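> model the structure of this input:
(chains A and B)
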There are 2 protein chains.
Amino acid sequence: MSRDVVNAVLRAHDGRFVGDGVHAPDLERILKQISTWRDWFGAWAATGARYEDLAGEAAAARAQVTAGEFYWLACLYYHYAQFLWFHDPDMRASGQRRKAELYNSAAPLLDPPAERVEIVHGPWRIPGFLRLPPAPGPVPCVVLLGGLESTKEESRRFEEMCTQRGMATMAFDGPGQGEMFSQVRFRPDIESFTSAVIDYLGTRHEIDAQRMGILGRSLGGYLAVRSAAFDHRLRACVAWGALNDLRHWDHIPELTRAGFVHIAGLKDQSEAREFYDEAVSLQGIAEQIACPLYVLHGAQDTVLPGDHVERLRAATRHVPQDIVIEPDGNHCCHNLYPIVRPRMADWLAKTLGVVGR
Amino acid sequence: MSRDVVNAVLRAHDGRFVGDGVHAPDLERILKQISTWRDWFGAWAATGARYEDLAGEAAAARAQVTAGEFYWLACLYYHYAQFLWFHDPDMRASGQRRKAELYNSAAPLLDPPAERVEIVHGPWRIPGFLRLPPAPGPVPCVVLLGGLESTKEESRRFEEMCTQRGMATMAFDGPGQGEMFSQVRFRPDIESFTSAVIDYLGTRHEIDAQRMGILGRSLGGYLAVRSAAFDHRLRACVAWGALNDLRHWDHIPELTRAGFVHIAGLKDQSEAREFYDEAVSLQGIAEQIACPLYVLHGAQDTVLPGDHVERLRAATRHVPQDIVIEPDGNHCCHNLYPIVRPRMADWLAKTLGVVGR
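The predicted structure is shown next:
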């Protein structure tokens, strides 16, 4: 693995790190420690460990806000340690574990706090975090889905865009993601997991069950459309990146393909290609969506080709569409995050009937 | 003016831009447009204008949170346009005006809102912004002072660290700063302006007059110590950068010296050297401080030499001191902002009697 791998990752995800909350001077210092891909995990993890120590000191001094902030930064940096680190599953699993533990420490200290819930669904327990805005309820709620490489712990910044606008958020790990990976590998039917989460939200008096939406990023964009198509209790859907299927398999970046092999517990890429050909498809499904749809896509995306947007547009013509293609946007328009993210939050707020935010 | 000037500014202030809220991808795009110092104003102002347009669109769509965010970003980018731009006073003044107007648009939309106040003091009206935390009052309040190159509009990030910890903030322009420049140039007696602000805060039922502190950055660190020495109603003082006087004049970076000439309305540097020799001094003053003092200083500071810390330490031995010298810290430890800033906010909270934050 050469420096080229590092450069390709940085290019494809330019803006993502800082957009999700990594501090730019930390990113700069971390990247200075990385010569080749082999250095990636260690450099991020060392910075994560530093923040974990600082968080412990702050907690001991009862500086709660700082402790929450530092535990969350430690979590985020461990997340990026194990990010795309599929060639060494044990090390990846250790990073994932630290990340989840650190978020558990941060969660009650965030503002608003993140409440951990575990939702029973068949033989599984779906872990999620619910955040409620400081607003009189019942409030709308946005369900947040991770992608191939994101989990319930990393959406803090977007969650707070929602809570600032008077909406609750519910981020959970689906099959193959984060803490769920050890229980169940990626499977085609994400919708049953989403519906279980929606059932749960219906039991919370703080949430307005008539005003629930969903947003997913990257592979999560696919999962969000699929979930909304199957569960019409969802009244707004955002695909933060358009994806209908994985037929462009051969054009997917190497590390991302390795990720698809990993999350489904497959043997190799040829098995994965066959599996995903059936497992990931919106054919005949996107057509079932019944709520307004917002799609954000970067014309410079090197992970998700632009023809996916047009196919998704065609399949969902029967619902109100807001389809935004940013000419200069990279994967998920991460490089334009200061502008595109508030707009998605605004669209959700408007579509879910929030007034005056 | 060459590229060297740009590089020196970026080096001295590394971390400041993003620490104060500039988005890293915006900074990167702006710096790409800057070949020499001559390009500085225009590149920042163009980005500011872009956000101003976006803010107007958001406001028209009644997306209040987004409008506030974008007006504030526009303000911040106009601030950095006129930052150190002393060689062209008219252009600088136009940038300052836009910045102040844009903050006026942002202020009521921020969370918590920033309330504009104008405090009559002799022949002057001191403009300031008060932000109240969402906590039952009366609450402690931190008075925030700008420096040579910062004004009441730019402390948003630090203000929110205070409000998150249950403290109000009051940022104002003193003589020679921001909007006050047109009324009155820099003068030795900042303390009378601070005291007028403290008088005003005493009239606000939301504020606990027994729990007021002050923080100043860079030249503001000097102004804060001076203010606390003269007004013992201040119960906590943070010097974010230590400065006792300007006897190291010849070692001050060129653009900064031009700034000192400018804010006091002087003719040239030789006049300035003479003026500041008397006008800026803590001799016999620092000794009068009566409240706990926190000093943060970067050992790598190229603007404020390290011997200032030791002199300040010696002059204030009679009060409880927390003096933090960061070995790797640059000017005001901007390059370490994720760690050093929450700690200052925590110290203020603890010293002003906030419990459980």
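> where does pLDDT dip in chain A?
A:1 (pLDDT under 70).
> cutoff 80 now
By pLDDT under 80, the weakly predicted segments of chain A are A:1-2.
> in it, which strand is the longest?
In chain A, assigned by DSSP state E, the strand with the most residues is strand A:207-217.
> mind listing residues that contact it?
Applying CB atoms under 8 Å, 6 or more residues apart in numbering or on different chains, the contact partners of strand A:207-217 are A:137-147, A:150, A:158, A:168, A:194, A:198, A:201-202, A:222-225, A:227-228, A:233-241, A:291, A:332, A:344, A:348, A:351-353. (C-beta placed from N, C-alpha, C; glycine too.)
> now do the same contact list for the residue of chain A positioned farthest from its centre.
The centre of chain A is farthest from one residue, A:Ala61, which by CA atoms, centre = their mean lies 32.8 Å away. By CB under 8 Å, 6+ apart, A:Ala61 lies in contact with B:Asp346.
> distance check, it against B:Met180.
As defined by CB to CB, to the nearest Å, A:Ala61 lies at a distance of 38 Å from B:Met180.
> please apply the same query to A:Ser195.
Per CB to CB, A:Ser195 is found 60 Å from B:Met180.
> if we can go back for a sec, so how far is the longest strand of chain A from its chain's centroid?
The chain centroid and the centroid of strand A:207-217 are separated by 15 Å under CA atoms, centre = their mean, to the nearest Å.
> just stretch A:211-220 next, same as before
9 Å.
> what's the burial count for A:Arg257?
Neighbours of A:Arg257 under the rule other CB atoms under 10 Å in any protein chain shown: 19.
> make that A:Arg3, sorry
By other CB under 10 Å, 12 other residues sit near A:Arg3.
> got the contact list for it?
Applying CB under 8 Å, 6+ apart, the residues near A:Arg3 are A:35-37.
> quick one, which of the residues you listed are buried?
For the contacts of A:Arg3, a burial check counting by 16 or more other CB atoms under 10 Å in any protein chain shown picks out A:Trp37.
> which one of the contacts of A:Arg3 is nearest to chain B?
Closest approach between the contacts of A:Arg3 and chain B, by CB to the nearest CB: A:Ser35, at 21.6 Å.
> phi and psi next, for the closest one.
phi -90, psi -50 (degrees, to the nearest 10).
> domain assignment for chain A?
With automatic domain parsing as the criterion, the domains of chain A are listed as A:1-110, A:112-245+A:280-357.
> wait, isn't A:Arg116 in contact with A:Phe129?
Yes. Using CB atoms under 8 Å, A:Arg116 is in contact with A:Phe129, at 5.8 Å.
> more crowded one of these two?
Shown here are A:Arg116 and A:Phe129; by other CB under 10 Å, A:Phe129 has more neighbours (24 against 14).
> flag every residue of the stretch 151-300 of chain A that's near chain B.
Within the stretch 151-300 of chain A, the positions adjacent to chain B are A:161, A:164-165 by CB under 8 Å from any CB of the partner chain.
> apply 6 Å and report the result again.
A:164-165 (CB under 6 Å from any CB of the partner chain).
> tell me where the stretch 151-300 of chain A has strands.
For the stretch 151-300 of chain A, the strands defined by DSSP state E, counting those that start in this stretch cover A:168-172, A:207-217, A:234-240, A:293-298.
> and for the stretch 1-150 of chain A?
Using DSSP E, counting those that start in this stretch, the strands of the stretch 1-150 of chain A run over A:114-121, A:124-131, A:139-145.
> what's the most buried one of the ones you listed?
Scoring these by mean neighbour count under mean count of other CB atoms under 10 Å in any protein chain shown gives strand A:139-145 as the most buried, with a mean of 28.
> ok, it: who's next to it in the sheet?
Its sheet considered, strand A:139-145 pairs with strand A:168-172 (parallel), strand A:207-217 (parallel) by DSSP bridges.
> adding mean neighbour count, write these out as JSON lines.
Output for the strands paired with strand A:139-145, formatted as JSON lines (neighbours: other CB atoms under 10 Å in any protein chain shown):
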{"stretch": "strand A:168-172", "mean neighbour count": "27"}
{"stretch": "strand A:207-217", "mean neighbour count": "23"}
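> and those: which comes nearest A:Leu31?
Smallest distance to A:Leu31 across the strands paired with strand A:139-145 (CB to CB): 22.9 Å, for strand A:207-217.
> tilt between the closest one and strand A:234-240?
20 degrees (axes from the mean of the first three to the mean of the last three CA atoms, to 10 degrees).
> how close does the residue in the stretch 101-250 of chain A that chain B sits nearest to get to B:Ile325?
Nearest to chain B in the stretch 101-250 of chain A, going by CB to the nearest CB, is A:Gln164, at a distance of 5.2 Å. According to CB to CB, A:Gln164 stands 37 Å off from B:Ile325.
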